[in-house]
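J.: got a sequence here, can you model it:
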Amino acid sequence: MTAPATRERCQQLQALEDAIKWRRERAARQCADCDAAPDGQCDDHGRDAGLISEYEQAARQLLAAP
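T.: This is a model prediction of the structure:
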């Protein structure tokens, strides 16, 4: 697989940055299901945390690509 062109890489990084920001804001808002969850976080908001981690990893890989 070849590394994406600089412009394409910038667009991908911007999309990941936007997604991370949106997920962080979303995860910070508790819902009624979060209030009822034993650990204070519902499955939906818990998945946000997992996606944030995946997006951050993808961004690091893009930044490390030649």
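J.: mind telling me what element the residue nearest the centre of the chain is part of?
T.: The residue lying closest to the centre of the chain (C-alpha atoms, centre = their mean) is residue 52, at 2.6 Å. Assigned by DSSP states H and E, residue 52 belongs to helix 43-64.
J.: what's around the closest residue to the residue nearest to the centre of the chain other than its chain neighbours, how many residues?
T.: Nearest non-adjacent residue to residue 52, counting by C-beta to C-beta, 6 or more residues apart in numbering: residue 23, 4.9 Å away. Quick note: C-beta positions are derived from backbone N, CA and C, even for glycine. By other C-beta atoms under 10 Å, 20 other residues sit near residue 23.
J.: how much space separates residue 23 from residue 37?
T.: Distance of residue 23 to residue 37, given as C-beta to C-beta, to the nearest Å: 18 Å.
J.: next, the buried residues of the host helix or strand of residue 21.
T.: Using DSSP H and E, residue 21 sits within helix 6-28. Of the residues in helix 6-28, those with enough neighbours to count as buried (16 or more other C-beta atoms under 10 Å) are 16, 19-20, 23, 27.
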